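Take this sequence and fold it.
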Amino acid sequence: MLDHIGVSVSDLDSAKSFYSASLAPLGISLLMDITAAQSGTAAFAGFGRADKAFFWIGNNGVRTSGVHVAFTAASRAEVDAFYEAALRAGGTDNGAPGLRPHYHPNYYGAFVRDQDGNNIEAVCHAKALPAAA
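Alright, predicted model coming up:
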């Protein structure tokens, strides 16, 4: 099991704004800011839930791209909300919300690229709720 993951970004302030908006529908928020003086190398921002940062971004001078990070969504509606929030925050479409039955019958995901080209996903594995009568 992973404890946390980090991604390098070219503009930390811009990326913090993007991820703050994009991850909010999933209940994930900015929990920590670490300065370059504190880390001894670069500035970092930690996002997570319940006082546990598990997704970190940093500006260590080496931008990454092509990284794929998938965040768990509690519902398909959260996947949809993530996708819309990420697009409004400056992300680009990399796969609209929908079923991906080639992964498994209930795989419902959405994909966006951040400003550095990283592929960010929200995914829900739950079965669809029955339609209201």
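
all strands of this structure, in order?
Using DSSP state E, the strands assigned to the chain run over residues 5-8, 29-34, 44-49, 52-58, 68-72, 92-99, 108-113, 119-124.

Please produce CSV containing those strands, extended by mean neighbour count.
Where C-beta positions appear, they are placed from N, C-alpha and C, glycine not excepted. Compiled in CSV, the strands of the chain are given as follows (neighbours: other C-beta atoms under 10 Å):
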stretch, mean neighbour count
strand 5-8, 16
strand 29-34, 14
strand 44-49, 19
strand 52-58, 18
strand 68-72, 14
strand 92-99, 15
strand 108-113, 23
strand 119-124, 22
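
Stretch 38-45: end-to-end distance?
Its start and end residues considered, stretch 38-45 measures 12 Å (C-alpha to C-alpha, to the nearest Å).

contacting residues around that stretch?
Surrounding stretch 38-45, the residues in contact under the criterion C-beta atoms under 8 Å, 6 or more residues apart in numbering are 6, 12, 15-16, 19, 30, 32-36, 56-61.

Looking at the strands of the chain, which is nearest to Glu78?
Using C-beta to C-beta as the measure, strand 119-124 is the one of the strands of the chain that comes nearest Glu78, at 6.6 Å.

what are the pairing partners of the closest one, and which direction each?
Each strand paired with strand 119-124, and its direction, by DSSP bridges: strand 68-72 (parallel), strand 108-113 (antiparallel).

low-scoring pLDDT stretches of the protein, where are they?
Low-confidence segments of the chain, defined by pLDDT under 70, span residues 61, 131-133.

Could you rerun that using 80?
Low-confidence regions of the chain, defined here as pLDDT under 80, cover residues 1, 60-65, 129-133.
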